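> What follows is a predicted structure for the sequence shown.
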Amino acid sequence: MIGSESQEVERKVIAILKVLSESAEPLGARIVANRLIDHGVELGERAVRYHLKLMDERGLTRLIGRDGRVITDSGLEELKSALVGDKVGYAISKIELLAYRTDFDYVRRSGSVPVNITLFPKNQFGKALKVMKPAFLKGWCVSDLVAVAEEGQSFGELIIPEGYVALATVCSIVINGTLLKAGVPMNSKFGGILQIRNNKPLRFVELIHYSGSSLDPSEVFIRARMTSVADVLQNGNGKVLANYREIPAVCQSMAEKVITQLKQSHLGGLLVIGNASEPVCEMPVELNRLGMVLLGGLNPVAAAQEAKIEAVSFAMSTTLEYEKLVPFEEVAG
């Protein structure tokens, strides 16, 4: 019982740290209590103030002014490391949340789309654009539409740090979200490394299931230098980031209609859609379902990192209004 109570207290501490980490300004106990509700935690202002005092003593938070608190470096490290068991399946939860938040209307060409955010040092951004350009021009991406933010600006809750430029690339979850709004349920299985031969998808050679992962597979594969996007761009043979999904076979016509409409809006990333119950890229497909292989939205970034360009990516990061996206060529020149 004591262990259970201790774990519950720790969950509340982590929730408070998360609220503080999402704010660029000090927060008082009342604001923290209100924002905790969004994280599924109901804690009164007095209780929050009590926990914050204990967190100050542990060095996780620091008092600024009369009542404002900020998270410390130790607090950020604790937030990153704590309750890893709760993070299992975090990737699939993130996919479902972003799919729900995606409300792009392909008829009006308006609404929000999910994006990945990548930070590049300002002095390397120009070089990165040149390296990424072929991936956008040849279609080894989800969309040729991007957005750029300078230091001090923000994408969603992410404030661009000093000395960096942020590039937003469209995430393949745009298909999940748009199909969801059209009444087509999608089962996101895994992210992986897809072998390409003669510019055509062959088979998955590595994979990480979303349901058992606390990290986004694309981030893992890029950091591990497991892609060879540049080779695909140069000679049509190599390894790219891709994702595997399944939908009910009865939804095929609706799914194809939606994907066609998305493509006309410069959104997509579909590589392969199979037949009912038939394997796709050597992956078995459940009965009465269709397998779909989608390109990873970070393939251009993977090409940049293969060229030894420094970058930090936040896959499946947030959503942006479609109207704020511009063709990559306008950015690259």
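Now that the structure is in, tell me what you want to look at. Residues are numbered from 1 along each chain as shown.

> which stretches of the stretch 151-300 of the chain form strands?
Under the criterion DSSP state E, counting those that start in this stretch, the stretch 151-300 of the chain carries strands at the ranges 154-155, 158-159, 164-170, 187-197, 200-209, 238-248, 270-273, 289-295.

> in the third one, what counts as buried?
The one in question is strand 164-170. If you call a residue buried by 16 or more other C-beta atoms under 10 Å, then strand 164-170 has these buried ones: 164-170. Every residue, glycine included, has its C-beta placed from N, CA and C.

> got it, and the fifth one?
When neighbours are counted by 16+ other C-beta under 10 Å, the buried residues of strand 200-209 are found to be 201, 204, 206-209.

> Among those residues, which one sits closest to Ala255?
Pro201 (18.1 Å; C-beta to C-beta).

> from memory that closest one sits against Cys281, does it?
Yes. Using C-beta atoms under 8 Å, Pro201 and Cys281 qualify as a contacting pair, with a distance of 5.4 Å.

> Identify the contacts common to the two.
Residues touching both Pro201 and Cys281 (C-beta atoms under 8 Å, 6 or more residues apart in numbering): 194, 272, 293.

> picking up where we left off before, will you turn the strands of the stretch 151-300 of the chain into JSON lines that also has mean pLDDT and distance to Leu180?
Written out in JSON lines, the entries for the strands of the stretch 151-300 of the chain read as follows (pLDDT from 0 to 100; distance: least, C-beta to C-beta, whole Å):
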{"stretch": "strand 154-155", "mean pLDDT": "89", "distance to Leu180": "23"}
{"stretch": "strand 158-159", "mean pLDDT": "82", "distance to Leu180": "24"}
{"stretch": "strand 164-170", "mean pLDDT": "97", "distance to Leu180": "16"}
{"stretch": "strand 187-197", "mean pLDDT": "97", "distance to Leu180": "11"}
{"stretch": "strand 200-209", "mean pLDDT": "96", "distance to Leu180": "20"}
{"stretch": "strand 238-248", "mean pLDDT": "98", "distance to Leu180": "11"}
{"stretch": "strand 270-273", "mean pLDDT": "96", "distance to Leu180": "16"}
{"stretch": "strand 289-295", "mean pLDDT": "97", "distance to Leu180": "14"}
